[in-house]
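Participant: based on what follows, work out the 3D shape:
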Amino acid sequence: MRCFWIRSLYLFGDDEDDGLDCGLKVCLLLSHTHGPFTNRNSSTSPREPVRTREISTSRLLMAQEQANPDEVVLGQEINGVRVVTLNRPRQLNGISDRVVYILAQLLEKWEKDDDAKLVIFKGAGRAFSAGGDLKMFYEGRSDDSCLEVVYRMYWLCYHIHTYKKTTVALVNGLAMGGGAALVAPLKFAVVTEKTVFATPEASVGLHTDCSFSYIHSRLPGYLGEYLALSGARLNAKEMIAAGLATHFVLSEKLEELERRLLNVNTGDESAIRAVIEEFSTDVQIDQESILNKLPTIDKCFSAETVEEILKSLESEVSIDGNQWIAPGLKSMRRSSPTALKITLRSVREGRKQSLPECLKKEFRLTINILRSVVTGDVYEGIRALSIDKDNAPKWSPTTIEEVKSEDIERVFKQFSSEHELQVPSDDSNRWNGKYEQTVYAKSSQ
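Facilitator: Numbers count the residues shown, from 1 in each chain. From the prediction side, this is the model:
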């Protein structure tokens, strides 16, 4: 067994609650498209013979326990299986620039390694990943110091969605913001009764990013707009029903499932699926699930503007049995008006855009938002949530009606070709376009 320990350049606060900041940004994505994005149930290669070399649970745990508290990523190579562990449990496995950089290195190495057949992603502790380091953005608000991590993140997003090896996410606990982006694109996403999904970026002045304008726009009906604008949470059953996960496994069985996967020395999708299904349970969404409210969601969130969506929600919430609308409506009213406008347009455009088009657009949006091209709402939102923690952001402008259409146009304006995200055009140059090869890196030297 070979292990790689990576030390982070950025640390969250000592307070464990600081990890909750992570649920909103520096997204990270992971491999092979699935669910509503590709056919997760397809098998593209002949079934390989299953060769096993028994890996004991105690041996696996012993290897993990060797990590020091400040080692943020653990990469393991076990027979034909590769394992990435997000290892910042006190911060709910928040994602920093170093994490993005190292993950890209590991994924490129393993994709080119003929001996690597299966890649497993998991999180240490009580969360899979609550997302990214908001404070990193806040500390870089006076310059472009976060441009590098933003570029690397979106470049990594493309490779996660198009990864060539079979991938499995073992998702126990929070999977929010960027952490959710580590789950949705995978071939197999295993969730438990403890899993919680959300994309609440608009609530802090950001937008639904890291390929989620692509993912959300392909969910049933207008569920994507609902999740992006309201920040509503889904449980594991709802994730499966929506196509954001593939299998439900009780958390008490997750360790045994992982051990079995480590002993199946193959990347054959049918074989991996068969192992997971030995542990998985068929589940149905609860009667009160918001997925049973899709007709009302579609009625409200199909409206063309944020103003019309809010008006429709306000009309529907007064109807008997529609009290479930109130939390989402309250969240939207508390969110950045500018961020809501940007988010809705981005998801709507995503319905007609390819994955590369969505990523290039989201890269531009994130850079323009961080540069405060039209408003500094993102830093006000982070201040209120993570710095002063007063949960009382003062948005500018303060109302939806005051947001100018020309300002939204400025945020969406395309960059020159050399300043755009450099998404590979074909598999022959698939790992080209790294940050080091861009004008951004050259100008910073």
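Participant: surely Trp182 touches Phe121?
Facilitator: No Trp there; residue 182 is Leu. Yes: when contacts are counted by CB atoms under 8 Å, Leu182 is listed as touching Phe121 (6.0 Å). To be clear about C-beta, it is placed using only N, CA and C from the backbone, and glycine gets the same treatment.
Participant: comparing the two, which residue is more hemmed in?
Facilitator: Neighbours per residue (other CB atoms under 10 Å) separate Leu182 from Phe121, with Leu182 holding more: 31 against 25.
Participant: could you list the low-pLDDT ranges of this structure?
Facilitator: Judged by pLDDT under 70, the chain has its weakly predicted residues at 1-70, 445.
Participant: which elements pack onto the lengthiest strand in it?
Facilitator: Using DSSP state E to define each element, the chain has its longest strand at strand 71-78. Applying 3 or more CB pairs under 8 Å, 6 or more residues apart in numbering; DSSP states H and E, we find strand 71-78 packed against strand 2-7, strand 81-86, helix 97-111.
Participant: what angle do it and strand 81-86 make?
Facilitator: Interaxial angle of strand 71-78 relative to strand 81-86 (axes from the mean of the first three to the mean of the last three CA atoms, to 10 degrees): 170 degrees.
Participant: strands of this protein, start to end?
Facilitator: Listed in chain order, the strands of the chain (DSSP E) span 2-7, 71-78, 81-86, 118-123, 127-129, 166-171, 174-176, 188-191, 196-198, 234-235, 247-248.
Participant: now render those as a markdown table, adding distance to Glu316.
Facilitator: Listed next are those as a markdown table, based on distance: least, CB to CB, whole Å:
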| stretch | distance to Glu316 |
| --- | --- |
| strand 2-7 | 48 |
| strand 71-78 | 44 |
| strand 81-86 | 39 |
| strand 118-123 | 37 |
| strand 127-129 | 33 |
| strand 166-171 | 32 |
| strand 174-176 | 26 |
| strand 188-191 | 30 |
| strand 196-198 | 22 |
| strand 234-235 | 20 |
| strand 247-248 | 31 |
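Participant: of those, flag the one that's most buried.
Facilitator: Looking across these with neighbours counted as mean count of other CB atoms under 10 Å, the highest average goes to strand 127-129: a mean of 31.
Participant: can you list contacts of that one?
Facilitator: Outside strand 127-129, the residues within contact range by CB atoms under 8 Å, 6 or more residues apart in numbering are 19, 22, 28, 86, 89, 92-95, 122-123, 169-176, 178-179, 182-183, 195.
Participant: hmm, what's the outermost residue in the protein?
Facilitator: Most distant residue from the mean C-alpha position of the chain: Asp320, 35.0 Å away (CA atoms, centre = their mean).
Participant: coming back round to it: of all the helices and strands packed on strand 71-78, which one comes closest to Asn292?
Facilitator: Comparison of the helices and strands packed on strand 71-78 against Asn292 by CB to CB identifies strand 81-86 as nearest, at 32.8 Å.
Participant: now the angle between strand 166-171 and that closest one, please.
Facilitator: Calculated by the same axes, to 10 degrees, strand 81-86 forms an angle of 40 degrees with strand 166-171.
Participant: so what strands line up beside strand 81-86?
Facilitator: Strand pairing for strand 81-86, determined by DSSP bridges: strand 71-78 (antiparallel), strand 118-123 (parallel).
Participant: turn those into a markdown table, columns for distance to Val378.
Facilitator: Converted to a markdown table, the strands paired with strand 81-86 look like this (distance: least, CB to CB, whole Å):
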| stretch | distance to Val378 |
| --- | --- |
| strand 71-78 | 24 |
| strand 118-123 | 26 |
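Participant: of all these, which lies closest to Leu103?
Facilitator: Closest among the strands paired with strand 81-86, once you apply CB to CB, is strand 71-78, at 6.8 Å.
Participant: CA atoms of that closest one as CSV?
Facilitator: C-alpha atoms of strand 71-78 as CSV (Å, rounded to 0.1, in the frame of the first residue of the first chain):
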residue,chain,number,x,y,z
GLU,A,71,-2.7,16.5,6.6
VAL,A,72,-5.7,17.5,4.4
VAL,A,73,-5.7,14.9,1.6
LEU,A,74,-4.8,11.2,1.9
GLY,A,75,-4.2,9.3,-1.4
GLN,A,76,-3.9,5.5,-1.2
GLU,A,77,-3.0,2.9,-3.8
ILE,A,78,-4.3,-0.5,-2.9
